[in-house]
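Novice: I need the structure of the sequence given here:
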Amino acid sequence: MAVPVPVRPDPAARPAPRRWRWLLCLAPLAAIAAVWAGLLPATARSGPAAASAPRDAPPVAAPAVADAPESPCTRTPVDAAPPAASTFAEFVERLVAIGIDTSRLDAAGDREGAEASDRRARAEFAAMMEQLPDAECEALAALAGRGEPRADDVPGRLRRQVWNLALRIGLERRHRQALAAPARRPALDTLVAATLTALPAGDALAHELAEGQLENRPYLAAVHEPAVLDLVARSGEHRFPADVAEALLTTLWHNLQANGERGSEELAALALALFHDGNESERRAAGRLLVRDDRWRAVVLQHLRAAKDLELARELALVAAQQLAPATALEVLATAAAVGADTTAPFLLLGHRDVGALRQAYEQRLAADTDPQLRNLLVAGGGFAGTPEGIELARLALDSDPDADVRVRAVFALTASAGAALGESAVARALDDPRIGADPQRLGALVQALDNLAQLGLSNALDRLGQRLRLMPALTPAARADLEHILARALPGGRTSR
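Specialist: The predicted model follows:
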C-alpha cells in the first residue's frame, strides 16, 4: 500500500497582517466586557458617542433605512439608559469608515496613525454596545436581511463583520446577565430563538450564524429544543445543512446535561432511539453523545461493525481521540479502522495526546504478531508526534516489525520527525529489505519520503540516496520522475556526485 507523505508546517508562514485587525480581535474582549459591565471608572467608559469622520476616509454609503429588515428580537425590559446619540446604522457606518481608514494608514506604513485609528474603532464599538441595549438584535436583523457581499465590496464585508461581532458580544452580554440574575434569562432565550429562526434562510447564513454564534457555546437550552429538532428534521430532507444540524443538536445536548435540564438517562434514551432510527444528522449527534458514555459505547461500536458507516466511524474516532481516555479511545479507533474508515487523523490526534498509550498498544500487537493494519496506524500516530518516545516507537517498528508496510510507515515518521539524525539511515535500511526494494509501490513510497529530507536541506544524504534509488530496477517511470523532481530542487542542477 502507498504511504502518504505527511504534511509539514510551512516555516516561512507569516503572521496575519495588521489590516482591519480591530475587526478581527477588536482589543482584549475582557476589557471591553468590563466596560459594558461597569467595572471601569466612568471616565474610562465615556468613549465618543459620535466620533468625527476619520481623516481622508472614503465616503461609505449607509444602507437605506427603508431597506433594513425589522428586528426579529422581541424587546425585553432592560435597565434604564439615556437615549443613544446615534442609531445602530450610524454607529456601524462610522466603524466601517474607521476600518477603511485604518487599512489605508497601515498600507501606507503609518503605524502610529493606524494604531490611533484602531483605538478610535474600539472606543466607537464600546460606545455602541453601551448605548444600544438591543444592538445585537439589530445586528441579527441586518445579517438575516442582507446576503453575503461580493469579494471586492470592502465596505460590505467590513459591515458584515461588525454585525457578526455585535451579535456575538450581545449574546455573551445577555448570557452573563442571565447568570447574574436568572430572571433575565428570557432576554438571552429570545435572541437565541431569533437566531435559530433565521438559519433556514440559506446555507451560507446557517453556517455563518451557527458556527460563529451558537455551536459549542452555552446559549442553547431546553426552550430551544423544538427549534433545533426541526432543523435536524429539515436536514434529513436535505433542506438544511446536515453538519450544522448535527453540531447544534450536539451543543444542545451538552448544554442540557451541563445545566441539569435533562438527566443522563433521559438524554441517553433519546440518543439511542435517534442513533438507530434517526436521519444522518441525528445519528451522528447521538453517536457523539453515546460514545462518550461507558454504558453505551459497546452499543455504538457494535453498530459500527454491523453498519460499516465509514463517515460515522471516522467522526466518532475523532471524538474519541480528542475526548476519551487514551486506552478507551484506542478501542474506538481500532473499531473504526477495522471497518475501513480513514482513521489517520484520529491516530495523529491521539499520538499528540499520549504517545505512551500508542506505544504500549503497538508493543502488545508486535509481540503477538497481530493486526498489522492497526500497527501501521499506531506507528503513524506515535511517530509523527515528534517526541522522543514517538521516535523510539518508529525506530522499534523499523527494526523489528515483520510487516513491510509498517516499516515503510516508520521510515516516513523518522524522516519527518528525526530526519537530520535518522532520516538517511532509515531510508537506507528500508532499501535493504527486498520486500520493499523489489516492490514498485513501496519503493515509490520511499521516494516520497525523500521530500522530508529535501525540506531539511540534507543535500549530501539526498545525493547518496538518489544515486542508489536511480539504480533500483523496480522503480516505476512515475516514481523515477518524482525522484528526479526532488533531486532537481535539492541538488545543484539536479545532479548527484556520481
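
Novice: domains of the chain?
Specialist: The record's domain split for the chain, according to automatic domain parsing, is 21-69+84-180, 354-498.

Novice: other residues contacting stretch 197-213?
Specialist: Residues from elsewhere that reach stretch 197-213 (Cβ atoms under 8 Å, 6 or more residues apart in numbering): 72, 140, 143-144, 147-148, 164, 167-168, 171, 195, 219, 227, 231, 234, 239-241, 244, 247-248. C-beta: built from backbone N, CA, C; applies to glycine.

Novice: just the ones of those in helices?
Specialist: Counted as lying in helices by DSSP state H, out of these, are 140, 143-144, 164, 167-168, 171, 195, 227, 231, 234, 244, 247-248.

Novice: and stretch 347-367, which residues are buried?
Specialist: 347-355, 357-362, 365-366 (16 or more other Cβ atoms under 10 Å).

Novice: starting at the chain centroid, how far to it?
Specialist: Stretch 347-367 sits 24 Å away from the centroid of its parent chain (Cα atoms, centre = their mean, to the nearest Å).

Novice: offset the numbering so it begins at 21, please.
Specialist: Taking 21 as the first residue, the last one we looked at is stretch 367-387.

Novice: picking up where we left off before, of the domains of the chain, which shows the lowest average pLDDT?
Specialist: For those, mean pLDDT drops lowest on domain 41-89+104-200, to a mean of 74.

Novice: off-centre distance for the one helix or strand Ala448 maps to?
Specialist: Element membership for Ala448, per DSSP states H and E: helix 444-452. Helix 444-452 sits 37 Å away from the centroid of its parent chain (Cα atoms, centre = their mean).

Novice: what sits up against it?
Specialist: Here helix 444-452 makes contact (Cβ under 8 Å, 6+ apart) with 418, 427-428, 430-431, 434-435, 456-457, 466, 469-470, 473, 478, 481, 484-485, 488-489, 492.

Novice: residue boundaries of the strands in the stretch 271-420 of the chain?
Specialist: Secondary structure of the stretch 271-420 of the chain, counting by DSSP state E, counting those that start in this stretch: no strands present.

Novice: let's verify Ile456: helix, strand, or coil?
Specialist: Of the three states, Ile456 takes helix under DSSP: H, G, I helix; E, B strand; the rest coil.

Novice: name the nearest residue to it, ignoring sequence neighbours.
Specialist: Arg462 (4.6 Å; Cβ to Cβ, 6 or more residues apart in numbering).

Novice: output the below-cut-off pLDDT ranges for the stretch 221-370 of the chain.
Specialist: Within the stretch 221-370 of the chain, not a single segment meets pLDDT under 70.

Novice: which ones are touching Leu234?
Specialist: Contacts of Leu234 (Cβ under 8 Å, 6+ apart): Val212, Thr215, Leu216, Leu240, Leu268, Thr271.

Novice: ok, these vs Arg179, which is closest?
Specialist: Of all the contacts of Leu234, Thr215 has the smallest distance to Arg179: 18.6 Å, by Cβ to Cβ.
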